[in-house]
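Student: Got a sequence here, can you build the structure:
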Amino acid sequence: MRLTTPAYKLISLCGPVAARRLGVVTAIVTTATLLSPPVKADEALANDPANTNDVSANIVITDVSPLPPAPGLIFDVRAGEYIMLGELVRRIGDAKYVLIGEKHDNPIHHHHQAELIDALSKSGNRNRAVVWEMFTRDQQASLDQNWQDLTVADLGLAMTWEDRGWPSWQDYAPIAQAARNNDLAMVAGNLPDDILRPMIANGVSALPDDLAKDLSLPDIPTDIQVLLDQEIAEGHCDTLPKSMLPAFSTVQFARDASLARAMYDAANSDTTDGAYLIAGAMHVRRGIAAPWHLRRFDTNLTDQDVAVVSLIEADDPSDDPSNIEDYALRFGPSDAIDFMWFTNDIVRGNPCDDLKMGQ
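Tutor: Prediction:
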């Protein structure tokens with residue numbers, strides 16, 4: 001089921017297609033719900049079966065064959081079963097690092113990110129900081145001051161949120177409100193914007209010395225390089241010269257390292273013992289993105305210390321729906337994510353049209 005929402009341009013290193021493609025609600029919905037006409041985002045949030053404060057349910061549905069992925073379902077990839085939000089909270093409650101992937105322009109994703117942060121924080125197992133892809137490291141001092149002085153509603157304007165190309169702050173504000181309600185630290189995780197072009201031109205040597213030391217970037221493993229090159233080419237609608245792909249992949253690799261380092265530093269501070277990551281789905285994948293770097297920084301990590309939850313738009317039931325395995329493979333290796341939280345999608349145009357017209 002699609003939501004109608006205003007279109008806007010996403011400026012992303014990964015490109016418009018990847019921003020569109022990458023980036024599960026908590027109750028099973030009926031066929032009538034799935035086939036209902038498109039709704040507006042605010043109506044969808046009001047009527048969404050996951051829009052509930054009850055996280056006590058721990059229903060597990062192990063026979064998944066009659067349940068194609070659809071809004072209203074959370075799927076545990078490793079266990080091969082559908083679960084409710086309360087069971088998700090129980091299964092990942094002890095994780096030191098919880099990475100929650102999104103499609104940036106889907107407001108329902110941010111609603112559920114906030115919902116999960118609130119539920120996990122109220123479970124009392126850990127005090128996690130909230131690390132944001134959308135804030136850059138050079139904004140941290142401003143973020144600290146504004147977080148102390150301003151309301152959540154005013155924070156986005158003070159941080160020049162929308163001027164920097166992100167969707168409406170109103171869409172993301174529930175995440176910040178969940179952080180404030182639970183007295184969580186806010187951490188800027190991304191690379192500063194002003195070093196991206198120098199990095200494309202000169203590679204990791206363009207990183208400031210202190211940041212280069214913190215990130216300690218190794219050479220990109222061949223399998224990750226091949227995957228990132230392919231995704232960046234597709235994400236830019238095959239308009240980038242092949243010679244530029246390794247440079248763009250290096251920046252993506254460094255961004256993932258920056259997000260992971262911010263999580264590690266926050267989780268090992270005097271005041272917090274864990275971290276959430278709010279980021280596009282490409283950045284949260286195991287074995288490829290931020291979790292790969294977390295293992296470099298936090299060498300004693302176990303699989304249970306890291307939980308990857310990706311918000312995923314379910315295919316329209318009037319189309320030929322994908323099976324559960326197909327969804328997992330959209331993220332690269334089938335074990336790249338732990339939990340798939342399915343949501344409505346939104347109506348978008350072809351992201352390649354404007355890009356190719358500008359050639």
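
Student: where along the stretch 251-359 of the chain do the strands fall?
Tutor: Under the criterion DSSP state E, counting those that start in this stretch, the stretch 251-359 of the chain contains strands at 274-280, 306-313, 339-343, 345-346.

Student: what lines up beside the third one in the sheet?
Tutor: Strands that pair with strand 339-343, judged by DSSP bridges, come out as strand 74-76 (antiparallel), strand 306-313 (parallel).

Student: could those be laid out in TSV, adding distance to N190?
Tutor: C-beta here means a position set from N, CA and C on the backbone, and glycine is covered the same way. Formatted as TSV, the strands paired with strand 339-343 follow (distance: least, CB to CB, whole Å):
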stretch	distance to N190
strand 74-76	28
strand 306-313	18
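
Student: for the helix ranked longest in the chain, packing partners?
Tutor: Ranked by residue count, the top helix of the chain under DSSP state H comes out as helix 245-267. Helices and strands touching helix 245-267, by 3 or more CB pairs under 8 Å, 6 or more residues apart in numbering; DSSP states H and E, are strand 128-136, strand 186-190, helix 196-202, helix 209-215, helix 222-235, strand 274-280, helix 290-297.

Student: what does the third one contact?
Tutor: When you say that, I think you mean helix 196-202. For helix 196-202, the surrounding residues in contact (CB atoms under 8 Å, 6 or more residues apart in numbering) are 13, 191, 206-207, 244, 247-248, 250-251, 254.

Student: now swap in the second one and tell me
Tutor: For strand 186-190, the surrounding residues in contact (CB under 8 Å, 6+ apart) are 129-140, 143-144, 147, 176, 179, 255, 258-259, 262-263, 266, 275, 277, 279.

Student: rewinding a little: for the contacts of helix 196-202, could you give me CSV that also reports distance to T151 and neighbour count?
Tutor: CSV is the format used below for those (distance: CB to CB, whole Å; neighbours: other CB atoms under 10 Å):
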residue, distance to T151, neighbour count
L13, 31, 18
L191, 28, 21
A206, 37, 17
L207, 35, 22
M244, 43, 14
A247, 41, 16
F248, 38, 23
T250, 39, 21
V251, 34, 23
A254, 34, 24
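
Student: Just flag the most distant two among those.
Tutor: Maximum pairwise distance in the contacts of helix 196-202, criterion CB to CB, is 19.0 Å, between L207 and M244.

Student: Just the local confidence number for L22, please.
Tutor: Note on L22: pLDDT of 42.

Student: repeat for P6
Tutor: So, for P6, pLDDT stands at 33.

Student: same thing with the one 10 residues further on?
Tutor: Confidence at P16, expressed as pLDDT, is 46.

Student: Let me know the pLDDT of the residue lying closest to L155 once chain neighbours are set aside.
Tutor: Counting by CB to CB, 6 or more residues apart in numbering, N146 is the residue found nearest to L155 once chain neighbours are left out, at 5.7 Å. N146 carries a pLDDT value of 99.

Student: show me what contacts N146?
Tutor: Contacts of N146 (CB under 8 Å, 6+ apart): 154-155, 158-159.

Student: okay if I get these as CSV plus distance to V89, pLDDT and neighbour count?
Tutor: Listed next are these as CSV, based on distance: CB to CB, whole Å; pLDDT from 0 to 100; neighbours: other CB atoms under 10 Å:
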residue, distance to V89, pLDDT, neighbour count
D154, 30, 98, 12
L155, 26, 98, 21
A158, 32, 98, 15
M159, 29, 98, 23
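
Student: Output those residues as CSV; include the columns secondary structure and distance to R78.
Tutor: Supplementary listing: these in CSV, determined by DSSP: H, G, I helix; E, B strand; the rest coil; distance: CB to CB, whole Å:
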residue, secondary structure, distance to R78
D154, helix, 41
L155, helix, 36
A158, helix, 41
M159, coil, 37
